[in-house]
Structure formats: structure tokens, C-alpha cells
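Visitor: Next input, structure requested:
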Amino acid sequence: MIIRTQYMDTLKTYRDVPLVKVLAGIRRCGKSTILDMLQEDLLKSGIAADHIISMRYTSEDFADGMTDKDMYKGIKEQMLDAGRYYLLLDEVQEIDGWEKAVNSLLENFNTDIYVTGSNSKLMSSEISTYLTGRYLSIPVYPLSFSEYLEFKKADPRSAKELLNEYLRLGGFPIVALGNFDDRSAYQIVEGIYNSVITNDITKRHNITNYDLFNRVVKYIVENVGKTFSANAIVKFLKSEGRSLSVEAVYNYLNWLEKAFVIYRCQRYDLQGKAVLKTQEKFYLADASLKYCIMGFNPKSIAAMLENVVYFELRRRGYEVYIGKNEMREIDFVAVRRDERIYVQVCRMLPEESDREVANLLEIKDHYPKYVVTLDELAAGNINGVKIIHLSDFLLNSGY
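Guide: Next comes the predicted model:
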């Protein structure tokens, strides 16, 4: 098992803290394996095996009919003394009312609780109702590039070659663990995508016009990294002779977001210092989701570089926005407590002074400013703006 150090460090930090640790992310991004890593680590640290209760609620054993009371009773029966028990509960959203059971287990027993899930039920308002102030949300993403290199440690290829592969095939662990050609990798990812769409969205929300829903998804995928609105989608569909209300589009976007397929990036007005409610961008949980739907085109790499950088910033704990500075746009304004960085992303830098640097130089503060690029020859510094190759940015968390 390849340890995902960032997540294990976080879980160790919060071990025995009286909060429910909620690991949430798209299906097959590695949440269950992180629980397995946690179980191993608990055993190594001297926790008795019979005080670690691991339950996986995707099993046929827990198919239709299990209630929160059944869940509570099943776990309670395994706790035989007053000692501390570590509860590792995988895909809890399959149990209606799971948050009630977890809250009771937290209140009534000496427990340290970790749960995972991959759809909107995990993020529902009931969490706030039953676990107010008593849970910690830990987002789980597909592999970062540094994790991808760990998975490929035995691979003789250079980091540059592996970066090119990472940009093409994405970071789902099941793909990284194998040695797949592009077609096979995208078939695997397509299976993950179909599972999410079927189990977490269309069935759960009773979507009857599957073709229309898929057309909306395709529009979002085609426009990753571009600002658009629900109205723009409605107008586009109308031009194709299809009809859908703005409210329905908002619902689709919301459901895709709560299934962790897409992530919303709001715009931030640098002059007014306010988050804007219009013209957001959406990014895909993994670049391979685009290629499995649309096919891979080398020209599409440029558009997906933003996607890769966006999630790297999220992994580092930044809140990430699109920057609006008068008439100019900054790809990312990343904020973490009292820190802030500005990032422009481009495939290649033109030889002369370019838009990317000019946009950053218009910002009159002293926070770090970066242009992240695939241009091998562009590293350096232009009037305080640092030009960084993508691989250096992804592998150096100091940026």
C-alpha cells in the first residue's frame, strides 16, 4: 500500500480530538484506502485490533433496508468495554440517517470516529443539524503529481515524461497503479464517471431526461476553465432545439457539485474586495473525466492546466477564486489565513511581454505573483513576477 502522507498527517493531527472526521470526495479517489492506511497506523501505534471497528457500507450485507438504528446497534454490539474505540465507517451515505447514529456513538461512547462518503447525502443539511460544531470535513482528491510520482516510483521514465502522462491520464489511483494505455485508462475512468452519474445523481434525483442531463454535463466539460452562467447553458440548449429551465440547470450544477464531479470557483473583485455571484468557473475533479467523455486532444492540455493548478492550490489548503481587477482577469487568487498568492496559468509564454505578466503587474500589492507554464525556457523573474515550470510548482509546496 502506497501511503498518502498528506492525508495521514492530517488524520494524525486530529486523532483523539472529539470531532467526527469526514473524508469526502468523488468515488474511487482513494478514501477507502486512506481508512485502510489509518487502520494500519492505529495498529502500529499500539491500538488493540478489537478496539478498531471497521465497517464498509457498500457491501451487499448492508443493502436495502438498513436504518440508522440498525447501524447504531451493529456498532454498539461490538464495543464490549469502556475503553476507547476507533470507528472507521466507509461510504456512510448509503445509510439513511447515518448522521444520527454517528452523533449518538460520539455522545454515548468513548469513540474516535472517521467516516467517508462520495455524494450529496454526506454533505446534507442533516450534518449541520446533528453534528453542529462536532465534525471536521477533510476533502479527498485524486492523486496530486507528487503522489503520482510515488505511485510510479519503480517506473524508469523521467519526471517530465510522467508529468505528460499525468496530464493525459489524470490522478485516479486505480489508473496510476496500473500500466494502461490511454484508451484503457479512459475506459476505467468512464466506468467511475458512469457510476457517479447513475448512483449519485440520476437515481437519487429521479432524472428522467438522461440525454438532456448528459448534454448539460458535456457543455460543462467543454467549458472547463471558462466563465459561464446557467442562462448561457439554457441559451446554448435552445440553439440546439432543446428546452430546459434555468432552475433545472442550477439543480444539475448543484447535484454534480455535491457528487464531487465538479468544483465551483467564484470570482473575486480585487478592487471592491468582494466575492461576485456571477460568471463562475467550474473545474473537474480530475482531468481524465474530460478525456473519457470528449476524447483526448493534445490541444486540450492548455485548457486543463488551470484544472491541475486549481486542485493543487486546494490541496494546499487555499480558498481559490478567479480574480477580477478592473477589466483584467487573474486566473487564481488563492487565500490561506493571512497569506495570499496570485497565479496565472499558460501553456507557453510568448517571447515578448505578455498578457499573463501584465495582468499580475497591475496588482499593486506585495503578495507573491506567479506565472505557471509548461514552457521549458521561461523560468525566471519579470519585475517581481516569478515564472515557474508546472512540475516545479506542483512539486514544491513552498510556492
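Visitor: Would you confirm that Val372 contacts Arg347?
Guide: No: judged on CB atoms under 8 Å, Val372 makes no contact with Arg347 at a distance of 10.2 Å. For glycine as for every other residue, the C-beta is placed from the backbone atoms N, C-alpha and C.
Visitor: Same drill for the two, tell me which one is more crowded.
Guide: Val372 (27 against 14; other CB atoms under 10 Å).
Visitor: can you pull the pLDDT of Leu122?
Guide: pLDDT recorded at Leu122 is 64.
Visitor: Sorry, slip of the keys, the one I care about is Met1.
Guide: 82.
Visitor: what's the burial count for it?
Guide: What Met1 shows, counting by other CB under 10 Å, is a neighbour count of 7.
Visitor: wait, what's in contact with it?
Guide: When contacts are counted by CB atoms under 8 Å, 6 or more residues apart in numbering, Met1 is found next to Thr33, Asp36, Met37, Glu40.
Visitor: Which residues are in contact with each of Val372 and Arg347?
Guide: Contacts common to Val372 and Arg347, judged by CB under 8 Å, 6+ apart, are Leu305.
Visitor: and the contacts of Met1, which of them are in helices?
Guide: Under the assignment DSSP state H, the contacts of Met1 contribute Thr33, Asp36, Met37, Glu40 to helices.
Visitor: how many other residues sit next to the first one?
Guide: Using other CB under 10 Å as the criterion, Thr33 is surrounded by 18 other residues.
Visitor: thought it was touching Pro173?
Guide: Yes: contact between Thr33 and Pro173 holds when scored by CB under 8 Å: they sit 6.9 Å apart.
Visitor: Give me the common contacts of these two.
Guide: Here Thr33 and Pro173 share no contacting residue, scored by CB under 8 Å, 6+ apart.
Visitor: Farthest-apart pair in the ones in helices among the contacts of Met1, please.
Guide: Thr33 and Glu40 (10.6 Å; CB to CB).
Visitor: between the contacts of Met1, which is closest to Glu326?
Guide: Using CB to CB, the contacts of Met1 come closest to Glu326 at Thr33, 46.2 Å.
Visitor: Check the gap between the closest one and Ile174 for me.
Guide: 10 Å (CB to CB, to the nearest Å).
Visitor: before we move on, back to that, buried subset of the contacts of Met1, written for ChimeraX?
Guide: To isolate the buried members of the contacts of Met1 in ChimeraX, using 16 or more other CB atoms under 10 Å:
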select :33,37
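Visitor: quick one, phi psi at Leu276?
Guide: Main-chain torsions, Leu276, degrees, to the nearest 10: phi -90, psi 150.
Visitor: Tell me if I'm right that it and Gly323 touch.
Guide: No: with contact defined as CB under 8 Å, Leu276 does not reach Gly323; the gap is 10.5 Å.
Visitor: list the residues that contact both of those two?
Guide: By CB under 8 Å, 6+ apart, the residues touching both Leu276 and Gly323 are Arg267, Tyr268.
Visitor: Compare these two (neighbour count), which wins?
Guide: Neighbour count, other CB under 10 Å: between Leu276 and Gly323, Gly323 has more, with 21 against 14.
Visitor: Sketch out the low-pLDDT regions of the stretch 1-150 of the chain for me.
Guide: 59-64, 120-126, 128 (pLDDT under 70).
Visitor: Give me the phi and psi for the most centrally placed residue in the chain.
Guide: The residue lying closest to the centre of the chain (CA atoms, centre = their mean) is Tyr141, at 4.0 Å. For Tyr141, the backbone dihedrals are phi -120, psi 160 (criterion: degrees, to the nearest 10).
Visitor: need the contact list for it.
Guide: So Tyr141 contacts Gly25, Cys29, Gly171, Ala285, Phe311, Arg314, Arg315 (CB under 8 Å, 6+ apart).
Visitor: Many thanks, have a good one.
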